[in-house]
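Peer 1: Model the structure of this input:
(4 chains)
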There are 2 protein chains.
Amino acid sequence: MGKQETEMLKGTLEGIVLAILASRAAYGYEITAWLREQGFADIAEGTIYALLVRLEQRDLVDVQKVPSEKGPPRKVYSLNAAGRAYLGDFWRTWSFLAERLEQLRTTTITEGE
Amino acid sequence: MGKQETEMLKGTLEGIVLAILASRAAYGYEITAWLREQGFADIAEGTIYALLVRLEQRDLVDVQKVPSEKGPPRKVYSLNAAGRAYLGDFWRTWSFLAERLEQLRTTTITEGE
DNA sequence: TACCAGTACATAGTAGCGCTGAATAGCGCG
DNA sequence: CGCGCTATTCAGCGCTACTATGTACTGGTA
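Peer 2: Okay, here's the model as predicted:
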């Protein structure tokens, strides 16, 4: 959709994916499909794969190749200890930001349009 | 501070500044100082000025030069109609994102550390 | 056989945003 | 005069998400 959403996703999309992986192991294609179901209609496939590669390079996730009945083998990602700690940081940062914004919204109620 | 906060601010900082300008006209230095008080300790000054320039170029704000008793003249920004509409879009996008994240947090309570 | 849709991953190139670091400028104070 | 505070500006960098494309494997169908 808009540029606003794209920019706002920077930083948060990583946390979203980490949160998903915290609840269960998953692979790229699956994550993309799930996000689309949740209303993130236009998150590009390539974005998720690139993100997962970054997570792997930073050793926040464990990876396991699993053969698939259809198509090439899946790369199943799961959160490791470092990833869980990093996710904790993410939630703290997010909470801080969300609180400030909620406060701003209630004090400046100018819902345009 | 961390890289996480920096990335998360992308897109949201713009909305924050718009929200501030919705409640009252302000100039760059003032906004920076206010943000620091609110806990955004390490938002660089240059960042705010660059952001204000972008807002001006996109015609979301009105600008007025006001002489200052100390230092060079201030550029006082205020939100115009387009800016208020854009701020409305921002809040909608933010709400969507915040809802998804809140849902994710409650279903995957893995507060690390 | 030939073709296509669906699954699954990968990557080169682009654009946008915030940060770093520095420069410029005006005013008041010791 | 030199220092500190106010106030703005700018070049260059790093990071993330998007676009667009390509690869690879399976099953259905004409």
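
Peer 1: from here on, contacts and neighbour counts on C-alpha atoms
Peer 2: OK.

Peer 1: residues in contact with residue A:32?
Peer 2: Neighbour list for residue A:32: A:43-45, A:48 [criterion: C-alpha atoms under 8 Å, 6 or more residues apart in numbering or on different chains].

Peer 1: among those residues, which are in helices?
Peer 2: Secondary structure defined by DSSP state H assigns A:45, A:48 of these to helices.

Peer 1: Just the buried residues of the contacts of residue A:32.
Peer 2: Buried subset of those (neighbour count, 16 or more other C-alpha atoms under 10 Å in any protein chain shown): A:43, A:48.

Peer 1: right, and out of the contacts of residue A:32, which lies closest to residue B:54?
Peer 2: Set against residue B:54, the nearest of the contacts of residue A:32 by C-alpha to C-alpha is residue A:43 (25.4 Å).

Peer 1: can you give me the strands in chain A?
Peer 2: A:26-27, A:61-66, A:74-79 (DSSP state E).

Peer 1: got CSV for those, with distance to chain B and mean neighbour count too?
Peer 2: Formatted as CSV, the strands of chain A follow (distance: least, C-alpha to the nearest C-alpha, whole Å; neighbours: other C-alpha atoms under 10 Å in any protein chain shown):
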stretch, distance to chain B, mean neighbour count
strand A:26-27, 14, 20
strand A:61-66, 14, 16
strand A:74-79, 11, 21
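
Peer 1: which one of the ones you listed lies closest to DNA strand C?
Peer 2: strand A:74-79 (3.2 Å; C-alpha to the nearest atom of the strand).
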